Each structure stands twice: as structure tokens, then as C-alpha cells.
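> Next one to model:
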Amino acid sequence: MVVAAVIGAILEELGFEVRSVESGAEALIALAASAPDLLVSDVMLDEGMNGGALARAAQVLQPDLKVLLTSGYSASALPPECAGYPFVAKPYTFERLEAAIERALGDAVPAE
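Just a heads-up that it's a prediction; the model follows:
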């Protein structure tokens, strides 16, 4: 969860309200109760669900939800479920993550 904490801190610095969860199942529960602008997920999740599968399930709950996937693997090694989602490979700088978020959202990050 160290990487999640760092990403959360970066997102907060960019002006986003952040909610971190421990698993894909927890993410789906949280998404059923709220309407966030963006889901940021690692591709590799613990309980047999990958980030692409989470994204697809999340968009059933929240059809307008934007998604950004991240991984230490290269884009060419991602599971097929991840195809079509914006992606940023680790490690990344603050600037690369910010640019990936802007691509995922389709516009600029929130102003402070």
C-alpha cells in the first residue's frame, strides 16, 4: 500500500479528494455508494481481479467513470481486459502521473 499512499498524496496535491481501498471488491462497494470522477488502479490486484476487470465492473456501476491504470509492467504485457484504458507505467514522476491523469480525464486537473 506504500505506492497507493504516494499516488493518493499526489492526487490530493493536484486537488482531488482521494479514497483508498484495499481490494477490487472494496473498490466496487465504494463505487456503488459514490460517484467519483476517476478510478486509479494498479493492473495487478490481489484477489484474482485485474485492474482492467475492475475498471469494466466499475463502469457498469458508474458509466461516466474515467479510469487510469498503472503497473510496473510495460503496456505490451498488460492483460487483454486492460486494453483501451489510459495507462502509465511505474516508476513515474509527478509530472508523468499528472499528464496521465489529464489524458484519463480528457481535460485539465482540478484547479485549487
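> ranges for the helices of this structure?
Ranges of helices within the chain are 2-13, 24-32, 51-61, 94-105, based on DSSP state H.
> I'd like to know which of those helices lies nearest to Leu39.
Among these, helix 51-61 comes nearest to Leu39, with 5.4 Å by CB to CB. Yep, even glycine has a C-beta here, placed from its N, CA and C like the rest.
> which helices and strands does the closest one pack with?
Judged by 3 or more CB pairs under 8 Å, 6 or more residues apart in numbering; DSSP states H and E, helix 51-61 is in contact with helix 24-32, strand 38-42, strand 66-71.
> what comes into contact with the shortest one?
Among residues not part of strand 38-42, those counted as contacts by CB atoms under 8 Å, 6 or more residues apart in numbering are 3-4, 7, 11, 16, 24, 27, 31, 51, 54-55, 58, 65-71, 101, 104-105.
> Buried only: go through those for me.
7, 11, 16, 24, 27, 31, 51, 54-55, 58, 65-71, 101, 104-105 (16 or more other CB atoms under 10 Å).
> circling back: would a markdown table of the helices and strands packed on helix 51-61 with mean pLDDT be doable?
Formatted as a markdown table, the helices and strands packed on helix 51-61 follow (pLDDT from 0 to 100):
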| stretch | mean pLDDT |
| --- | --- |
| helix 24-32 | 92 |
| strand 38-42 | 93 |
| strand 66-71 | 94 |
